[in-house]
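**Q** here's my sequence, what's the structure:
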Amino acid sequence: MNPDPKIVIALDYAQPQDALTFTKRLDPTLCRLKVGKELFTTGGPQLVDALIAKDFDVFLDLKFYRRLTLLRPHFPLPLFSIDKQS
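**A** Residues are numbered from 1 along each chain as shown. Okay, the predicted model is just below:
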């Protein structure tokens with residue numbers, strides 16, 4: 001059992017169900033998951049909650065800003081909080 005997995009698996013899926021199906025093949029003690037803006041936009045906080053419920057550490061890679069316009073988002077990001085209990 002690895003307490004600090006170094007492998008990050010990018011969930012590059014368009015649909016949350018496809019990503020959840022893929023995670024059935026993974027061991028949460030051996031990797032972490034990256035959820036990008038496309039998957040987060042379709043799956044939302046519910047997807048992240050489902051991944052955390054499966055004991056995965058989740059890295060949200062949400063780049064909603066343009067490179068030259070750093071103060072104005074492309075579209076509003078809903079606010080939510082994730083509290084992973086140890």
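**Q** what's the single longest strand in this structure?
**A** What stands out as the longest strand in the chain, according to DSSP state E, is strand 31-36.
**Q** partner strands of it, with direction?
**A** Within its sheet, strand 31-36 is paired with strand 7-10 (parallel), strand 58-61 (parallel), according to DSSP bridges.
**Q** what's the mean pLDDT across that strand?
**A** Averaging pLDDT along strand 31-36 gives 94.
**Q** next helix or strand past that strand?
**A** From strand 31-36 onward toward the C-terminus, using DSSP states H and E, the following helix or strand is helix 37-53.
**Q** tell me the buried residues in that next one?
**A** 39-40, 43, 47-48, 50-52 (16 or more other CB atoms under 10 Å). Glycine gets a C-beta too; all of them are placed from N, C-alpha and C.
**Q** and for stretch 4-20?
**A** In stretch 4-20, counting by 16+ other CB under 10 Å, buried: 5, 9, 11, 13, 16, 19-20.
**Q** greatest separation within those residues: which pair is it?
**A** Farthest apart among the buried residues of stretch 4-20 by CB to CB are 5 and 16. That separation is 22.3 Å.
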